[in-house]
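K.L.:
Predicted model follows, preceded by the sequence.
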Amino acid sequence: MTPTNVDTSQPPISCPADLKALPLEKLPELAEQIRQTLIATLAETGGHLGPNLGVVELTLAMHRVFDTPKDKFVFDVAHQGYVHKMITGRWDKIHTIRQFHGLNGFLLRSESEHDCYGAGHAGTSVGAALGMATGRDLKGSDDHVICVAGDAAFTCGPVFEALNNVAAHTKRLIIVLNDNEWSIDKNVGAIAGYFNAIATNPGFANLHEKAAKFVEFMLGGGVRKLAERVEKTAKGLLLPQSEGAHNRSTMFDEFGIRYYGPIDGHNLPLLIQTFDFLKNQNEPVILHVLTEKGRGYKPALEDPLKFHGLGKYNVETGEVAASDKPTYSQIYGRSVTDFAKEDKSIVAITGAMPGGTGLIVFKKEIPERYFDVGIAEEHAALFACGLAVQGLRPFLTIYSTFMQRAIDMIIHDMAIQNLPVRLCMDRGGLSGDDGPTHHGLFDISYLRGIPGLVHMQPKDEDEFVDMLWTMANYDKGPIAIRYPRGNGPGVTPKQKPQLLEIGKGELIADGSDVALIGLGEMVPIAQQAKKVLEEKGLSVALINPRWIKPLDGALIDSIAKKVKVVCTLEDHVLMNGFGCGVIEHLNDAGVKTPVVRIGWPDEFVEHGSVGGLRKKHGLTVENTVEKVLAKLG
Ligand SMILES: Cc1ncc(C[n+]2csc(CCOP(=O)(O)OP(=O)(O)O)c2C)c(N)n1
Ligand SMILES: CC(=O)[C@@H](O)[C@H](O)COP(=O)(O)O
Ligand SMILES: [Mg+2]
């Protein structure tokens with residue numbers, strides 16, 4: 001059934017107590033209402049539909065058995081937290097998800113007492129949950145801690161760093177492995193294969209029945225009499241028997257974490273029974289549930305990659321509005337693939353984001369030199385270093401915000417050894433919908449101080465391809481580029497890209513009163529501000545710096561010396577941003593011209609539309625003009 005105009009103002013439940021009060025047989029109907037609300041609402045707002053449709057029963061069962069906020073739920077990434085929000089009093093606000101001043105797209109401590117831990121980046125749930133469980137034990141409390149981590153979250157290093165410590169620190173922690181076989185794209189690596197082997201084991205078919213019987217057996221007090229047998233039963237019943245072998249333990253048992261499952265993650269009664277059983281276990285446990293990403297909505301089931309996270313879509317067809325202009329990501333994927341067809345040393349690496357980065361075309365056309373390493377940015381950086389040692393030209397393609405995970409590898413492995421890795425940071429700048437965990441507003445800060453690392457940003461699509469071409473041919477050391485989410489100003493790249501001179505900026509217009517230095521896609525704002533200032537009789541120079549590092553000091557000095565004020569504009573935080581580099585440079589060069597800066601404030605910028613947030617925080621033509629005039633006095 002395709003929902004249309006669902007009324008979210010009359011939610012069937014307004015708190016977890018309402019859910020607990022419902023008769024068990026009413027829960028499937030509630031699950032359907034949640035699904036229909038999500039499908040209809042996200043068609044208007046966009047969001048992570050697929051992941052949330054997959055955890056409806058799981059989240060209902062968790063709230064049926066446990067009591068937040070006393071009990072603690074930790075969701076990995078927390079992009080699948082919409083159902084949790086609907087159950088914990090935010091059903092009537094779900095239509096504001098990811099909207100300015102609306103609900104955040106992930107859990108957020110400041111949003112609700114039921115959101116004990118925020119996220120947005122993957123792999124943090126088990127470590128944080130272990131900390132909560134250990135803290136609880138130290139305080140002598142009795143609350144439960146449950147973390148939900150998807151199958152792809154287990155490709156993330158911090159999860160295994162935490163698993164390595166669980167048994168040493170606590171006896172009571174429930175980990176739920178929500179296995180839908182999908183990351184954003186299909187999940188990758190040995191872990192994915194391992195989970196799949198368990199889930200597809202021939203024994204699973206009747207294991208499902210066995211699991212139900214086993215849980216009833218345990219709940220029926222059987223465990224009290226037959227501790228020894230339970231040990232075997234637990235492994236035998238809930239673990240597929242490998243032919244002829246003794247009861248095989250899973251890798252989790254080797255970590256001292258009792259494995260249960262796999263069970264059907266959409267079977268509400270079984271989930272409730274299982275959680276009722278697990279909550280009384282005096283040992284750390286992991287419950288492996290099998291779920292369907294996109295369950296209940298055919299277009300999402302048929303295309304989990306597309307419906308992992310998307311903008312507005314047509315509820316009837318699942319179609320999204322096509323854009324007439326290619327995004328930077330699409331231009332990136334096409335360009336690097338074309339370069340790689342000519343240059344066999346080019347290899348492309350993604351951390352589980354072939355779609356978002358545009359590398360999906362590289363994956364299709366040159367699969368042998370395409371590497372999706374999973375949600376493992378630290379490893380991706382090291383892997384790129386190893387490839388560079390072998391003389392290959394790695395394009396390490398990771399969103400600016402996720403590249404934060406690899407800072408030490410960039411310094412310790414890439415820069416100190418001067419390895420020619422290409423750091424391609426998509427979503428460089430405000431990300432918008434996803435909010436503070438995803439805005440790429442810190443990469444200049446975390447890269448500018450690294451000796452020998454070149455860093456740049458294009459003003460439009462044409463210059464973007466020139467920069468990528470320059471990177472493809474630059475082997476002197478690590479080189480980084482940042483570029484924004486979505487479309488650029490719409491300048492079609494020329495047929496044959498040109499090499500750019502490293503550290504050489506572009507003087508778009510000369511002037512003698514004011515110098516505007518607009519980085520990347522702030523150039524159009526600078527160009528409009530130039531017009532307004534010229535209408536006030538001022539002579540305005542405009543510089544496209546191109547290079548964050550090395551700055552074109554000669555160009556900047558030559559203009560700064562003759563004007564009365566310099567104004568830098570950047571889609572980055574002001575703290576240790578591009579403008580700071582200009583100020584440092586002018587100071588060291590003895591140029592006294594005052595500098596005003598346009599950029600993001602020293603705070604975490606909330607979620608919302610890029611235009612709305614720029615307006616709120618002054619990354620606008622008006623504010624640029626105002627600050628320049630104020631400085632001129
Ligand atoms: C460090 C980091 N890298 C990449 C991402 C992008 N990302 C968001 S969700 C996701 C896949 C998560 O898959 P899984 O944990 O299996 O959850 P599912 O969506 O399948 O429910 C990825 C790669 C991220 N949020 N954090
Ligand atoms: C939850 C997560 O981290 C990703 O799904 C992210 O939301 C993708 O961002 P884009 O929509 O900018 O590709
Ligand atoms: Mg998954």
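P.N.:
It's in. Ligands and ions are numbered 1, 2, ... in the order given.
K.L.:
Mind listing the residues bridging to the residue of the stretch 1-150 of the chain found nearest ligand 3?
P.N.:
Nearest residue of the stretch 1-150 of the chain to ligand 3: Gly150, at 3.7 Å (Cβ to the ion). Glycine gets a C-beta too; all of them are placed from N, C-alpha and C. Gly150 forms beta bridges with Asn178, as assigned by DSSP bridges.
K.L.:
pretty sure it is touching Asn180, no?
P.N.:
Yes - counting by Cβ atoms under 8 Å, Gly150 touches Asn180, with 7.0 Å between them.
K.L.:
Neighbour count for the two, which is higher?
P.N.:
Gly150 (30 against 23; other Cβ atoms under 10 Å).
K.L.:
Contact partners for that one?
P.N.:
By Cβ atoms under 8 Å, 6 or more residues apart in numbering, the contact set of Gly150 is Pro51, Asp76, Val77, Gln80, Leu177, Asn178, Asp179, Asn180, Ser183.
K.L.:
got a winner among the residues you listed for most neighbours?
P.N.:
Asp76 (31 neighbours).
K.L.:
That one and Tyr117 touch, don't they?
P.N.:
No - using Cβ under 8 Å, Asp76 is not in contact with Tyr117, being 10.1 Å away.
K.L.:
overlap in contacts of the two?
P.N.:
Common neighbours of Asp76 and Tyr117 (Cβ under 8 Å, 6+ apart) are Ser125.
K.L.:
mind checking how far Arg393 is from Ile416?
P.N.:
20 Å (Cβ to Cβ, to the nearest Å).
K.L.:
more neighbours, those two?
P.N.:
The neighbour comparison of Arg393 against Ile416 (other Cβ under 10 Å) goes to Arg393, with 25 against 12.
K.L.:
is the more buried one in a bridge, and if so with what?
P.N.:
Ile346.
K.L.:
Was I right to think it contacts Asp343?
P.N.:
Yes - contact criterion Cβ under 8 Å: Arg393 and Asp343 qualify, at 6.8 Å.
K.L.:
Need the residues touching each of those two.
P.N.:
Ala472.
K.L.:
ok, and the closest non-adjacent residue to Ile331?
P.N.:
Once flanking residues are discounted, Ile331 sits nearest to Glu461: 5.5 Å by Cβ to Cβ, 6 or more residues apart in numbering.
K.L.:
what's the spacing between that neighbour and ligand 2?
P.N.:
18 Å (Cβ to the nearest ligand atom, to the nearest Å).
K.L.:
Tell me, how many residues neighbour that residue?
P.N.:
Quick note: Glu461 (other Cβ under 10 Å) scores 24 neighbours.
K.L.:
which residues touch it?
P.N.:
Pro326, Tyr328, Ile331, Gly488, Pro489, Gly490, Val491, Thr492, Pro493.
K.L.:
Skip the chain neighbours and tell me the closest residue to Gly309.
P.N.:
His48 (4.6 Å).
K.L.:
whoops, Met403 was the one
P.N.:
Met403 sits nearest to Met425 (Cβ to Cβ, 6+ apart), 5.5 Å away.
K.L.:
ranges for the strands of the stretch 101-250 of the chain?
P.N.:
Shown for the stretch 101-250 of the chain, the strands assigned by DSSP state E, counting those that start in this stretch span residues 145-150, 174-179.
K.L.:
Mean pLDDT and distance to ligand 1 added to the ones you listed, as TSV?
P.N.:
Rendered in TSV, the data for the strands of the stretch 101-250 of the chain read as follows (pLDDT from 0 to 100; distance: least, Cβ to the nearest ligand atom, whole Å):
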stretch	mean pLDDT	distance to ligand 1
strand 145-150	98	2
strand 174-179	98	6
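K.L.:
any chance of these in TSV, plus distance to ligand 2?
P.N.:
Compiled in TSV, the strands of the stretch 101-250 of the chain are given as follows (distance: least, Cβ to the nearest ligand atom, whole Å):
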stretch	distance to ligand 2
strand 145-150	11
strand 174-179	14
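K.L.:
and those as TSV, adding distance to Thr593?
P.N.:
Listed next are the strands of the stretch 101-250 of the chain as TSV, based on distance: least, Cβ to Cβ, whole Å:
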stretch	distance to Thr593
strand 145-150	52
strand 174-179	57
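K.L.:
pretty sure Glu181 is touching Asn196, no?
P.N.:
Yes - taking Cβ under 8 Å as the definition, Glu181 is a contact partner of Asn196 at 6.6 Å.
K.L.:
In terms of neighbours, single out the busier of these two.
P.N.:
Glu181 (19 against 14).
K.L.:
OK, contacts around the closest residue to that one other than its chain neighbours?
P.N.:
Nearest residue to Glu181 in three dimensions, chain neighbours excluded: Asn187, at 5.9 Å (Cβ to Cβ, 6+ apart). Going by Cβ under 8 Å, 6+ apart, Asn187 touches Asp151, Ala152, Thr155, Glu181, Phe195, Gly374.
K.L.:
can you tell me how far the first one sits from ligand 1?
P.N.:
Applying Cβ to the nearest ligand atom, the value for Asp151 to ligand 1 is 4 Å.
K.L.:
same deal with the fifth one?
P.N.:
For Phe195, the distance to ligand 1 under the criterion Cβ to the nearest ligand atom works out to 10 Å.
K.L.:
got the contact list for that residue?
P.N.:
Here Phe195 is in contact with Asp151, Phe154, Leu177, Asp179, Glu181, Asn187, His288 (Cβ under 8 Å, 6+ apart).
K.L.:
farthest-separated two in these?
P.N.:
Asn187 and His288 (13.9 Å; Cβ to Cβ).
K.L.:
so how far is the helix or strand that contains Met403 off the chain centroid?
P.N.:
Assigned by DSSP states H and E, Met403 belongs to helix 400-403. A distance of 8 Å separates the C-alpha centroid of helix 400-403 from that of its chain, computed with Cα atoms, centre = their mean, to the nearest Å.
K.L.:
give me the number of residues near Gly449?
P.N.:
Neighbours of Gly449 using other Cβ under 10 Å come to 11.
K.L.:
check contacts around it.
P.N.:
Asn576.
K.L.:
quick one: low-confidence parts of this structure?
P.N.:
1-8, 202-248 (pLDDT under 70).
K.L.:
Show me what counts as buried in the lengthiest helix in it.
P.N.:
For the chain, the longest helix by residue count, based on DSSP state H, is helix 27-45. Using 16 or more other Cβ atoms under 10 Å as the test for burial, helix 27-45 gives 27, 30-31, 33-43, 45.
K.L.:
in the stretch 201-350 of the chain, what residue is nearest ligand 2?
P.N.:
Ranked by Cβ to the nearest ligand atom, the top residue of the stretch 201-350 of the chain for proximity to ligand 2 is Gly309, at 3.9 Å.
K.L.:
sorry, back to before: Serialize the contacts of Asn187 to TSV and add fields for distance to Phe277.
P.N.:
Listed next are the contacts of Asn187 as TSV, based on distance: Cβ to Cβ, whole Å:
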residue	distance to Phe277
Asp151	23
Ala152	27
Thr155	29
Glu181	26
Phe195	22
Gly374	32
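K.L.:
Quick check: residues of the protein near ligand 1?
P.N.:
51, 54, 76-77, 79-80, 121-122, 150-153, 178, 180, 182-184, 293, 308, 351-353, 375, 377, 402, 405 (Cβ under 6 Å from any ligand atom).
K.L.:
What are the contacting residues of stretch 391-398?
P.N.:
Against stretch 391-398 from outside (Cβ under 8 Å, 6+ apart): 332, 336, 343, 345-351, 353, 357, 359, 377, 380-381, 383-384, 387-388, 406, 420-426, 471-472, 475.
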